[in-house]
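# no sequence on this one, just coordinates:
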């Protein structure tokens, strides 16, 4: 049987009522056809333990799709943004008016030649006056605004875009089995999300990777085990344009890398980290990147901390 519709109905019922706990009792659940969408905030998805609650994916899909939404890239006027700045200037008042007090937005600078976001951070709107957008907290990153503007996505140059994030999602105490079935999804993709906690999960993945973070803010991974039957990608397959990312006491084995393609992300903390390419180097503990081609692959990442 396919349990996807039952999970979808239950998750909608929980977050439509303002959020709460979606408890998955011990058992084996078959997910076929499409991922379980997480389209509302304040959802705590909890199993009975990694050895008790198992979601088996049967059609090359992700288990949970934690995904908010985003608006178009809009140009920021000429001039750099310095660390500590409390505002920026939109190209025109109409663009600034797409925002409202309290909105979240992504500030990013993209290089057309590289085709990638080079600098990225999340900011929240404090107030708007004409073309000036004031932010709640000072900028933590500097944006040189040195690239020629090109609209579209990824486009080029310095831009802001409104975000409507999925907020305060928890996934914990469960197992996910993801065989390779002609496609290679990530077991738990996180896109345009705010404050996502993934803890005490076991992912047996032959797919693209265990966890994926894209243009999100506040992604916390603790006590996650990702075991790959095929050496394809990362335990964390990609952290792209994500700020405030923490990973602690996790075990990623037989992956192409432990943390793969850490691209244009900032404020990253890895705690209790041991990088090991095989048993010949001795025992590993806390964060294990065992049998990996690269422990951590980073591109244009800023403010990265390693502890223990």
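Now that the structure is in, tell me what you want to look at. Source: prediction; values computed, not measured. Residues are numbered from 1 along each chain as shown.

# CA atoms for contacts and neighbours, from now on please.
Noted.

# look at the residue nearest to residue 80 when sequence neighbours are not counted and report its pLDDT.
Once flanking residues are discounted, residue 80 sits nearest to residue 144: 4.5 Å by CA to CA, 6 or more residues apart in numbering. pLDDT recorded at residue 144 is 90.

# how near is residue 144 to residue 158?
Distance, residue 144 to residue 158, using CA to CA, to the nearest Å: 8 Å.

# the two - which one has more neighbours?
residue 158 (31 against 15; other CA atoms under 10 Å).

# element containing that one?
If you go by DSSP states H and E, residue 158 is part of strand 157-164.

# helices or strands next to that strand in the packing?
strand 69-70, strand 74-75, strand 104-111 (3 or more CA pairs under 8 Å, 6 or more residues apart in numbering; DSSP states H and E).

# partner strands of the first one, parallel or antiparallel?
Just to be clear, that refers to strand 69-70. strand 157-164 (antiparallel) (DSSP bridges).

# what lies in contact with the partner strand?
68-76, 98-99, 103-112, 143, 145-150, 192 (CA atoms under 8 Å, 6 or more residues apart in numbering).

# give me the sheet partners of the very next helix or strand once past that strand and which way each runs.
Next helix or strand after strand 157-164 toward the C-terminus (DSSP H and E): strand 166-178. Next to strand 166-178 in the sheet, as set by DSSP bridges, lie strand 43-46 (parallel), strand 53-57 (parallel), strand 193-205 (parallel).

# using a markdown table, please lay out the ones you listed together with mean pLDDT, distance to residue 222 and mean neighbour count.
Output for the strands paired with strand 166-178, formatted as a markdown table (pLDDT from 0 to 100; distance: least, CA to CA, whole Å; neighbours: other CA atoms under 10 Å):
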| stretch | mean pLDDT | distance to residue 222 | mean neighbour count |
| --- | --- | --- | --- |
| strand 43-46 | 94 | 14 | 22 |
| strand 53-57 | 90 | 18 | 22 |
| strand 193-205 | 88 | 5 | 23 |
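
# in JSON lines, list these along with distance to residue 119.
Putting the strands paired with strand 166-178 into JSON lines (distance: least, CA to CA, whole Å) gives the following:
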{"stretch": "strand 43-46", "distance to residue 119": "30"}
{"stretch": "strand 53-57", "distance to residue 119": "35"}
{"stretch": "strand 193-205", "distance to residue 119": "18"}
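
# out of these, the one nearest residue 120 is which?
Residue 120 sits nearest to strand 193-205 of all the strands paired with strand 166-178, at 14.5 Å, using CA to CA.

# report the angle between the closest one and strand 104-111.
Relative orientation of strand 193-205 versus strand 104-111 (axes from the mean of the first three to the mean of the last three CA atoms, to 10 degrees): 70 degrees.

# among the helices and strands packed on strand 157-164, which is nearest residue 87?
Here strand 104-111 is closest among the helices and strands packed on strand 157-164 (CA to CA), at 11.5 Å.

# adjacent strands (with direction) for the closest one?
Here, using DSSP bridges, strand 104-111 pairs with strand 116-129 (antiparallel), strand 157-164 (antiparallel).

# which one of those has the poorest average confidence?
strand 116-129 (a mean of 88).

# where does pLDDT dip in the stretch 1-150 of the chain?
33, 60, 113-116 (pLDDT under 70).

# can you pull out the helices in it?
Along the stretch 1-150 of the chain, the segments classed as helices by DSSP state H, counting those that start in this stretch run 4-16, 93-96.

# can you check what angle separates the longest one from strand 53-57?
What it means is helix 4-16. Going by the same axes, to 10 degrees, helix 4-16 makes 120 degrees with strand 53-57.

# buried sites along helix 4-16?
4, 7-8, 11-12, 14-15 (16 or more other CA atoms under 10 Å).

# also the shortest one?
Neighbour-count burial for helix 93-96, counted by 16+ other CA under 10 Å, picks out 95-96.

# list the contacts of that helix.
By CA under 8 Å, 6+ apart, helix 93-96 touches 74, 90, 128, 130-133.

# buried among those? Make that a ChimeraX selection.
Burial among the contacts of helix 93-96 is assessed by 16+ other CA under 10 Å; the matching ChimeraX selection reads:
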select :74,90,128,131,132,133
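
# and which of the contacts of helix 93-96 is nearest residue 213?
residue 74 (22.8 Å).

# redo the buried residues of helix 4-16 as a markdown table? Include distance to residue 172.
Listed next are these as a markdown table, based on distance: CA to CA, whole Å:
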| residue | distance to residue 172 |
| --- | --- |
| 4 | 18 |
| 7 | 15 |
| 8 | 17 |
| 11 | 15 |
| 12 | 18 |
| 14 | 16 |
| 15 | 17 |
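
# looking at the helices and strands packed on strand 157-164, which is nearest to residue 198?
Residue 198 sits nearest to strand 69-70 of all the helices and strands packed on strand 157-164, at 20.4 Å, using CA to CA.

# all good on my end, thank you.
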